[in-house]
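>>> sequence and computational prediction follow.
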Amino acid sequence: MADRAGKKDTGRKAGKSAGHKLSKSSPAVSHAELERTFNSISMAVMLLGSDYSIKWANKATSTLLKLPLSKITGKYCHKLVHGTDEPPENCVFARMIKSRKREESEIYLEQIGIWAQGSADPEYDNKGNLKSVVHIINDITERRQAVLALKDSEARYRLLAEHMTDTIRLMDMDLKTTYLIPSAEKQRGFTYREMVEMPLEKQITPESLRAAYARLSEELPRVLADPVYNPVPILDLEYYCKDGTTVWAES
């Protein structure tokens, strides 16, 4: 028992010794390694002083500002980024000064000619005084342009959908309407919501319903068997109007 206990104690001592040696042999991350890491980042990263001066910047900052790092360090951030003598109101650093916490925003940087996503993270000393700020600028021009292009495209399609006389309807596999262009309201008198929620059997006459189901039963197996098969079946269907009359439409 004594031997076992002795072995256990020895094992613990050996473990402690090995752990001690491991911690001593594990090198801390060097300044050069940190600099290499930040220089590999595609976003502009700057370390600013409390007076908005740039203490350090990575290579992406040089690329963004089109200036060598030697002409960036020591300069005021707002002078290089915004081209102003004082920080503008929409500057994330200025907003961070007021809130005393991380701030971020998307703004257009006229001085550089890009849309940017900027952030400012403060570091305070143990007395609560602002010590430094990590300021990151990410060029989001391409993303912003894509969003604006999508909005413009959606607006054009919406304009067409609202003014065209043909009815465009999307239906799921249960023949439930999932989308209907607003102009359909003018043709049959029902509201958009009424037509979307109305089952197919209440929208078309029984004869038209049978014809629609027959055509669907004929085409559906072909579609399921061959994903490339894209039929465009055309049917003349008789639709109910809100005033009790019916109207024929090519579907």
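All right, it came through fine.

>>> quick one: whatever helix or strand R222 lives in to chain centroid distance?
Under the criterion of DSSP states H and E, R222 resides in helix 206-225. Centroid displacement of helix 206-225 relative to its chain, using Cα atoms, centre = their mean, to the nearest Å, is 40 Å.

>>> run through who's touching the next helix or strand after it.
The C-terminal neighbour of helix 206-225 among helices and strands, as given by DSSP H and E, is strand 236-240. For strand 236-240, the external contacting residues (Cβ atoms under 8 Å, 6 or more residues apart in numbering) are 188, 202-205, 207-208, 211-212, 246-251. For every residue, glycine as well, the C-beta is placed using N, CA and C.

>>> now the buried members of those residues.
For the contacts of strand 236-240, a burial check counting by 16 or more other Cβ atoms under 10 Å picks out 188, 203-204, 208, 211-212, 249, 251.

>>> so what's the closest residue to M195 other than its chain neighbours up against?
Spatial nearest neighbour of M195, chain neighbours left out: L180 (5.6 Å); criterion: Cβ to Cβ, 6 or more residues apart in numbering. Contacts for L180 (Cβ under 8 Å, 6+ apart) come out as 167-170, 192, 195-196.

>>> where does pLDDT dip in the chain?
Per-residue confidence for the chain (pLDDT under 70) gives these ranges: 1-29, 159-166.

>>> domain parsing for it?
Domain segmentation of the chain under automatic domain parsing yields 31-139, 165-250.

>>> out of those, deepest packed?
domain 31-139 (a mean of 16; mean count of other Cβ atoms under 10 Å).

>>> distance between the ends of that domain?
Separation of the first and last residues of domain 31-139 by Cα to Cα, to the nearest Å is 27 Å.

>>> this structure: helices as residue ranges?
2-25, 31-39, 59-65, 77-81, 92-99, 141-163, 184-188, 192-197, 206-225 (DSSP state H).

>>> thought T61 was touching K75?
No - between T61 and K75 there is no contact under Cβ atoms under 8 Å: 11.0 Å.

>>> show me what contacts the residue most central in space within the chain?
The chain has R143 as the residue nearest its centroid, 8.8 Å off, counting by Cα atoms, centre = their mean. Under the criterion of Cβ under 8 Å, 6+ apart, the neighbours of R143 are W115.

>>> quick revisit: ok, the contacts of L180 vs L34, which is closest?
Comparing the contacts of L180 against L34 with Cβ to Cβ places L170 closest, at 54.1 Å.

>>> what's the spacing between the closest one and T177?
Using Cβ to Cβ, to the nearest Å, L170 is found at 7 Å from T177.

>>> that older thread, now the contacts of L180 as JSON lines including distance to L67?
Below are the contacts of L180 laid out as JSON lines (distance: Cβ to Cβ, whole Å):
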{"residue": "T167", "distance to L67": "59"}
{"residue": "I168", "distance to L67": "53"}
{"residue": "R169", "distance to L67": "57"}
{"residue": "L170", "distance to L67": "53"}
{"residue": "Y192", "distance to L67": "56"}
{"residue": "M195", "distance to L67": "61"}
{"residue": "V196", "distance to L67": "57"}
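
>>> go through the residues you listed and name the one nearest K242.
M195 (9.7 Å).

>>> verify the stated contact: the closest one with R188.
Yes - under the criterion of Cβ under 8 Å, M195 makes contact with R188 at 7.2 Å.

>>> one step back: got CSV for the buried ones among the contacts of strand 236-240, with distance to W56 too?
Listed next are these as CSV, based on distance: Cβ to Cβ, whole Å:
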residue, distance to W56
R188, 68
Q203, 68
I204, 71
S208, 74
A211, 75
A212, 70
A249, 69
S251, 67
